[in-house]
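Student: Here you go, sequence then predicted model.
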Amino acid sequence: DAGVIQSPRHEVTEMGQEVTLRCKPISGHDYLFWYRQTMMRGLELLIYFNNNVPIDDSGMPEDRFSAKMPNASFSTLKIQPSEPRDSAVYFCASSLSSGAIYGYTFGSGTRLTVV
Amino acid sequence: ILNVEQSPQSLHVQEGDSTNFTCSFPSSNFYALHWYRWETAKSPEALFVMTLNGDEKKKGRISATLNTKEGYSYLYIKGSQPEDSATYLCACPDAGANNLFFGTGTRLTVIP
């Protein structure tokens, strides 16, 4: 397996534009997580899915953020409209059954810069 | 939300020195503790998952211990090498939850 695949690796966009981040989890993993990494807060959980169903989105900062998982092999995180304070590295991770026991496999991250 | 704390925030050691750092977590309703190694420009990689009080895990020169009664874990690196330079994260799940709460990490720099 190629691991968790995220795209793009880097994204630079202008304030107000829509940004879509993509993630392909490891085949067979039934949990998918979106995290954001910032200098101030470290890794923050934004949302996670179990069997494609969003379970907890309490970490999503604002209505400008939305996430979907239309099938077991694909998820998107969308920011519309983007703002400079959204600049961060966004990680996707997946896990088999409970991540609490098995831990996560992380993707390489998407570095987002909003100018 | 689970409060997971790590110390120190950053650490510089000379090549060949041994070092250790700490992860603190709430001791009540403990479920598991995870250690990750995170190199710059890469993604975090799992090192250890520990569940039992007194657990000790080892991978090469890196080892970890767990004390669930007092709510801490130590990560040890013996004979540090420049390639050990990374941020070391610990994380715990909330009991009954499937998501991990991460500490802010200890950034280790090994000076050749």
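Tutor: Alright, I've got the coordinates. Residues are numbered from 1 along each chain as shown, chains lettered A, B, ... in the order given.
Student: low pLDDT regions in the chain?
Tutor: No chain was given, so I picked chain A. Along chain A, segments meeting pLDDT under 70 span A:1, A:98.
Student: looking at chain B here, not the other one
Tutor: Low-confidence segments of chain B, defined by pLDDT under 70, span residues B:95-97.
Student: switch the cut-off to 80
Tutor: By pLDDT under 80, the low-scoring segments of chain B are B:1, B:94-98.
Student: Neighbours of whatever residue of it ends up closest to chain A, how many?
Tutor: As assessed by CB to the nearest CB, chain A sits closest to B:Pro93 within chain B, at 3.4 Å. All C-beta atoms are positioned from the backbone trio N, CA, C, and that covers glycine. Applying other CB atoms under 10 Å in any protein chain shown, we find 22 residues neighbouring B:Pro93.
Student: One more: B:Thr87?
Tutor: B:Thr87, neighbours per other CB under 10 Å, totals 19.
Student: Once you drop chain neighbours, what's closest to B:Gln14?
Tutor: The shortest distance from B:Gln14 to any residue other than its chain neighbours is 5.4 Å, reached at B:Ile111 (CB to CB, 6 or more residues apart in numbering or on different chains).
Student: Could you count how many residues lie near B:Tyr72?
Tutor: Other residues lying near B:Tyr72 total 17 when counted by other CB under 10 Å.
Student: Give me the distance between it and A:Tyr90.
Tutor: Relative to A:Tyr90, B:Tyr72 is positioned 31 Å away (criterion: CB to CB, to the nearest Å).
Student: So is stretch B:3-10 next to chain A?
Tutor: No. Among the residues of stretch B:3-10, none lie within reach of chain A under CB under 8 Å from any CB of the partner chain; the closest is 9.2 Å away.
Student: tell me which residues in that stretch are buried?
Tutor: Neighbour counts using 16 or more other CB atoms under 10 Å in any protein chain shown place B:Val4, B:Gln6 of stretch B:3-10 among the buried residues.
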